[in-house]
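J.: this is a predicted model, with the sequence first.
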Amino acid sequence: MDRAKLILNPARLRILQHLKLCGRACTAELVEHLAGVPRATVYHHVKLLEQGGLIEVVQENRVRGTVEKVYAMKAGGLPITEGADAAALSTAFHMGLMQEMNDYFGRGEGDCRRDNVFFTSALLCLTDGEYAALLRELVELLKPYAERTEGEGRRLRKLSIIASPPGEAGDEHEFP
């Protein structure tokens, strides 16, 4: 299966995001994290991601007579950083976000203030080292929140972050 298509399935994307933030997880943990996705479907998506070379088994545990596999991101398995695959992935990612926002507002019940829905942009002047540090800090900041599951007053929320190149020098940018 094409890597961009493999990644862009919503359930598989959530599995990859969970493994990226948490480091490793067994399938039972992934089932719990993907509340609402049937167990068999999670197992199917995990198998596809493993066959596609994006995740790998890093540990096997004996649990009540069965073998529980623990998965992690495969080194170098995820990045699609150049060429047609990166462009296709970017387009599909943006189109997915657009569809979600259209669905949200199309229901006629969308209330950005109530639901904490927002979209903003910031231009930052950083060295490559400062930018790398910022990204590491964001990952560390998000980790404990990404490990939480629905329940106890919690509901699923989506925070999408996109780093894009700035426009050409002199472009006018207006921010809310």
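T.: All right, it came through fine.

J.: beyond the helix or strand hosting residue 71, next helix or strand please.
T.: When elements are assigned from DSSP states H and E, residue 71 belongs to strand 66-73. Per DSSP H and E, the first helix or strand lying C-terminal to strand 66-73 is helix 83-106.

J.: now that following helix - C-alpha only, PDB.
T.: Provided in PDB are the C-alpha atoms of helix 83-106 (Å, rounded to 0.1, in the frame of the first residue of the first chain):
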ATOM      1  CA  GLY A  83       8.800  14.700  -3.300                       C
ATOM      2  CA  ALA A  84       5.400  13.600  -4.500                       C
ATOM      3  CA  ASP A  85       4.700  11.500  -1.300                       C
ATOM      4  CA  ALA A  86       5.200  14.600   0.900                       C
ATOM      5  CA  ALA A  87       3.000  16.800  -1.300                       C
ATOM      6  CA  ALA A  88       0.300  14.100  -1.400                       C
ATOM      7  CA  LEU A  89       0.400  13.600   2.300                       C
ATOM      8  CA  SER A  90       0.200  17.400   2.900                       C
ATOM      9  CA  THR A  91      -2.700  17.800   0.600                       C
ATOM     10  CA  ALA A  92      -4.600  14.900   2.100                       C
ATOM     11  CA  PHE A  93      -3.900  16.100   5.600                       C
ATOM     12  CA  HIS A  94      -5.100  19.600   4.800                       C
ATOM     13  CA  MET A  95      -8.200  18.300   3.000                       C
ATOM     14  CA  GLY A  96      -9.000  16.000   6.000                       C
ATOM     15  CA  LEU A  97      -8.800  19.100   8.300                       C
ATOM     16  CA  MET A  98     -11.000  21.100   5.900                       C
ATOM     17  CA  GLN A  99     -13.600  18.300   5.800                       C
ATOM     18  CA  GLU A 100     -13.700  18.000   9.600                       C
ATOM     19  CA  MET A 101     -14.200  21.800   9.900                       C
ATOM     20  CA  ASN A 102     -16.900  21.800   7.200                       C
ATOM     21  CA  ASP A 103     -18.600  18.900   9.000                       C
ATOM     22  CA  TYR A 104     -18.400  20.800  12.300                       C
ATOM     23  CA  PHE A 105     -19.800  24.000  11.000                       C
ATOM     24  CA  GLY A 106     -22.300  22.200   8.600                       C
END
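
J.: which strands and helices lie in contact with the strand holding residue 71?
T.: Helices and strands touching strand 66-73, by 3 or more Cβ pairs under 8 Å, 6 or more residues apart in numbering; DSSP states H and E, are helix 10-22, strand 24-26, helix 27-33, helix 39-51, strand 55-63. Every residue, glycine included, has its C-beta placed from N, CA and C.
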